[in-house]
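S.K.: just a sequence and a predicted model for now, questions to come.
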Amino acid sequence: MAEVKLKNLTKRFKDVVAVDNISLDIEDGEFLTLVGPSGCGKSTTLRAVAGLENPTAGDILIDGQRVNPLPPQKRHISMVFQSYALFPHMSVESNLAFGLKIRKKSLKHKSEKVKWAIELLGLSGFEKRLPKELSGGQRQRVALGRALVLEPKVLLLDEPLSNLDAKLRLRMRTELKRLHKKIKTTIIYVTHDQAEAMTLSDRLAVMKDGKILQVGTPEEIYQKPADIFCAGFIGSPPMNFVSGERVPQVEDKNAMVGIRPEDLSISLAETKDGIVGRSSVTETLGSDNYLYVDISDLLISVRLKPEEKIPEDKPVWLVARKEKHHLFDKSTGRRV
Amino acid sequence: MKILKFVLIGVILFFIIFPLFMMTKYSISDRESIVTGGEYPEPFFPFKPTLEMFGVLWSRSDFMKAGLTSLWVGLFAVAFSLLLGAPTAYALARFRIPGVAILLFFLLSVRLFPDISAVIPVAELLLSRPFSLLPPVVLVGLAHTLLALPYTVYIAKGVFESIPRDLEEQAFVLGAAKSRTFFKILTPLALPGLGAAAIYTFFLSWNEFIFAYFLTFQGTETTLPVYLLRILSWSPQKNFISAISLLICVPVIIFTFLVQRYMREGLTAGAVK
Amino acid sequence: MSGSIKPSSLLLKLKSNLFTIGFFIPAFLYLFSFFVIIVVFLLKFSFSGNVPLLHLLSVDEFKAALWRSFWFMGVGTPLQLVVGLLLALLIQQSFKGVGMVRSLFMIPIAIPALVTAIIIDLLFSYPLGPINDLLLGRHAFFPQIVSLPVNWSGSEFLSLGLAILGKTWRDMPISMLILLAGLHSIELEQYEAAKTMGARSWQQFKYLTLPLLTPAILTILILRSIENWKEFVFPFVLAPAYPLLGVLIERLYHVEQNPALAASVALGLVILIALTTLIFTTITKMVRKYLVRV
């Protein structure tokens, strides 16, 4: 277990700046997620920590030790890849033991660790199988086990769930969270899926264009997004954005106002300070229903109460409590 | 490590280029650069480079005739194997044919025989009546069709498989007959891919030696490779042999480069579908 | 399928099947009739008169050719595998100009085998030729190795060696491409995973590249051994005095005018190839099984 520090880390590929001068402190035993759209530099950051990419500038410290010059195997890290990268010609057992074999661990240590991983991940009975004879979820667990048997100080996970189908992904999410509770290793997790990031992490770092926009607990980022991008990226359906001049309660007419769908209340009668619009389609998701409201050129999503029913194509008034408004500077995108 | 790699690449490239360089060198050599009488080593570049040999070849009727024969045999093989192979490929790509695995085996089985074994029966057959009455160009063309046809079917099958079925179904819904769909809709779309098969067939025929050699063993009309072998028996000078060799190789080398790119484009276009 | 078919739909079905058959038949018939002709002719000749096929092993020419072909196959196959592997490994990783190098590596396959053989014949000509010039130390940059010019085509060892050299030179792109496809089927992430687990370059080669390449290697061994058994052009041009099986067939047919014996040797060659393929396939299966156990 260890803490990880990134200091002014930059990675440039020819003319492209993949990671742009980021600094981040990850605490011992923390589950930290780098989340952002594809191409935001999150995978590159992770690969730099793993030692698969050489940073152009800046330092990576694991447990206070600068690891920049060290090859991957000397950094006490393990990595799980998006494709799992299981060795197709080796059985589950051999895959699990591979890293230990390379490290010339004793036979006893090897078989103990493999047995431990098999039990931990519920793979008993599959020891002799080849990767191609396993289901997606099982492969995923082997990849995880292969990383864990090396007892890494830091576990690096690069979109490990994105190759699974939706249902399995939800289950593995829970399993992963439980696993982290049990082994308490520092985990750096990379995903583009904001829901995954929200449910799994102790803290998350939202990245865009090689920069970290905000670091915080899921609640902090959800409730106090530092940036218009974070506000729109985290939460589903995404936050609604309306220009300040259209919201009567807002004094700063130059700000962009962000309101989450669940913070809006809707009425068929004219409401004080309400924004008028026209009701459009309702999306029924079972527990939650979302109504879409046309306000001139914008489509605003509103979460309805379970019993609430709004007919289509009627004038409606939307209002949100003032403390639920998120105000952002129109030019910089930062929270004001 | 990296340096070693590039040194090795350099050495291999040298071994690939060297024989071809020597062939080219010989073909433009003057007499003194070849006939040394053992008094001095052959130079690695001719003393007085000359294109004389190509002029000699241009005016030789037997060489020009062999060139034309090669061309016609190749075109015959292309036309015949496409004519036979494209419909078969289409049938294999589109229709469920019972026992298709066995049929495919027979389709390819002819190529399981070594050429040098298969050529004896083929020569016995084609060199006896009534086939022997056909001109040699046709006989060799028939043999080369035999060699190229399995590949043509294979390539064309892939081409037809890459054309979305929807197109045909759309044509069918619009009321077009199957044959019309094949010739008016599929064939134009498949043309670039079939072009690759045609080029492949042509150069298979252009390079082929064994069947052409056996089938034209006695006649005067023959293809370029066989012509090259025949003139060896007169012990001609190196520049003469090399000039012919070069002229045989140049079109193939050029087309290999062209087709490489062409096929890569074809493959990626197929992947998008 | 519905139980009752209306007559009109039956007709339609037949019509559409006729179309399929009509499309399928021409090429099939062409290839199939040649197949039948080849089989029938080879068998007819081999079992005609005193059944030459059964006497093959008492023909000295055949025994000598069989022995030479065996060596040609036994030396050529591994050599071509190693050369192909070397080429594939060199261009496996992409670098600036890798496309160009790959294209250049492809050139030999574009050169007709006969032309390749003839160029080699010119290079190794006796007594005066560029290679002999080199070995005699007639160029300032190369040390003298022999004192008399080497008569390449006069020696069984050297002339067959040249034939193997020519065959290897011309066919190296084929092995290279198969191995390259095998190498590219190993994902980059698998190497990276091995790297994060501490495997060094040679360990990656030993534990990943080699075992994952085994299917491609076995494919090459099978294809190359067939190809070497049936080789004709290179030994025909470079070692006419020491015929392999293929060259013997040509000689029996053209020079000795003995189609029956030629066909028998041809059939013998087919049988040999079938046996070799069978043996290699069995080995392949065993090796695969062994690999699964690893």
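M.R.: Everything's here; your move.
S.K.: just the buried residues of stretch B:207-224, please?
M.R.: Buried residues in stretch B:207-224, counted by 16 or more other CB atoms under 10 Å in any protein chain shown: B:207-216, B:221-224. Where you see a C-beta, it was placed from the backbone N, CA and C, and this is true even at glycine.
S.K.: keep only those of the residues you listed that are in strands.
M.R.: Per DSSP state E, strands hold no members of the buried residues of stretch B:207-224.
S.K.: show me the contacts for A:Thr271.
M.R.: Neighbour list for A:Thr271: A:Trp317, A:Val319 [criterion: CB atoms under 8 Å, 6 or more residues apart in numbering or on different chains].
S.K.: report pLDDT for the residue sitting nearest the centre point of chain B.
M.R.: Compute the mean C-alpha point of chain B, and by CA atoms, centre = their mean the closest residue is B:Phe203, 1.5 Å away. Model confidence at B:Phe203, given as pLDDT, is 88.
S.K.: and it, what helix or strand is that in?
M.R.: Using DSSP states H and E, B:Phe203 sits within helix B:187-207.
S.K.: report all helices and strands that that helix contacts.
M.R.: If you count contacts as 3 or more CB pairs under 8 Å, 6 or more residues apart in numbering or on different chains; DSSP states H and E, helix B:187-207 packs onto helix B:61-94, helix B:136-162, helix B:238-272.
S.K.: can I get the helix or strand that the second one is followed by in PDB, CA atoms only?
M.R.: Per DSSP H and E, helix B:136-162 leads on to helix B:165-173 as the next helix or strand towards the C-terminus. Extracted C-alpha coordinates of helix B:165-173, given in PDB (Å, rounded to 0.1, in the frame of the first residue of the first chain):
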ATOM      1  CA  ARG B 165     -26.900  -8.600 -49.200                       C
ATOM      2  CA  ASP B 166     -29.400  -5.700 -48.800                       C
ATOM      3  CA  LEU B 167     -28.500  -4.400 -52.300                       C
ATOM      4  CA  GLU B 168     -29.600  -7.700 -53.900                       C
ATOM      5  CA  GLU B 169     -32.700  -7.900 -51.800                       C
ATOM      6  CA  GLN B 170     -33.500  -4.300 -52.700                       C
ATOM      7  CA  ALA B 171     -33.100  -5.200 -56.400                       C
ATOM      8  CA  PHE B 172     -35.200  -8.300 -55.900                       C
ATOM      9  CA  VAL B 173     -37.900  -6.300 -54.100                       C
END
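S.K.: who's in contact with the helix holding B:Phe203?
M.R.: Helix B:187-207 is contacted by residues B:70, B:73-75, B:77-78, B:81-82, B:85-86, B:140-141, B:144, B:147-148, B:151-152, B:155-156, B:158-160, B:162-163, B:167, B:224-225, B:248, B:251-252, B:255-256, B:259, B:262-263, B:266, C:110, C:112-114 when judged by CB under 8 Å, 6+ apart.
S.K.: ok, now with 6 Å
M.R.: For helix B:187-207, contacts defined as CB atoms under 6 Å, 6 or more residues apart in numbering or on different chains pick out B:70, B:73-74, B:77-78, B:81, B:144, B:148, B:152, B:155-156, B:159, B:163, B:252, B:259, B:263, B:266, C:112.
S.K.: in chain B, what residue lies closest to chain A?
M.R.: Chain A sits closest to B:Met1 of chain B, with a gap of 15.1 Å, by CB to the nearest CB.
S.K.: now that residue. Nearest residue, chain neighbours left out?
M.R.: Leaving out its chain neighbours, the residue that sits closest to B:Met1 by CB to CB, 6 or more residues apart in numbering or on different chains is C:Ser201, at 8.0 Å.
S.K.: what about the stretch 151-273 of chain B, any weak spots by pLDDT?
M.R.: Applying pLDDT under 70 to the stretch 151-273 of chain B flags residues B:175, B:259-273.
S.K.: what is the burial count for residue 226?
M.R.: As the question left the chain open, I've gone with chain A. A count of neighbours around A:Ala226, defined by other CB atoms under 10 Å in any protein chain shown, yields 18.
S.K.: meant chain B actually
M.R.: Using other CB under 10 Å, B:Val226 has 25 other residues around it.
S.K.: the residue nearest to B:Thr181 when sequence neighbours are not counted and B:Ala89: what is the separation?
M.R.: In this structure, B:Thr181 finds its nearest non-sequential neighbour in B:Ala171, 4.4 Å apart by CB to CB, 6+ apart. Distance, B:Ala171 to B:Ala89, using CB to CB, to the nearest Å: 19 Å.
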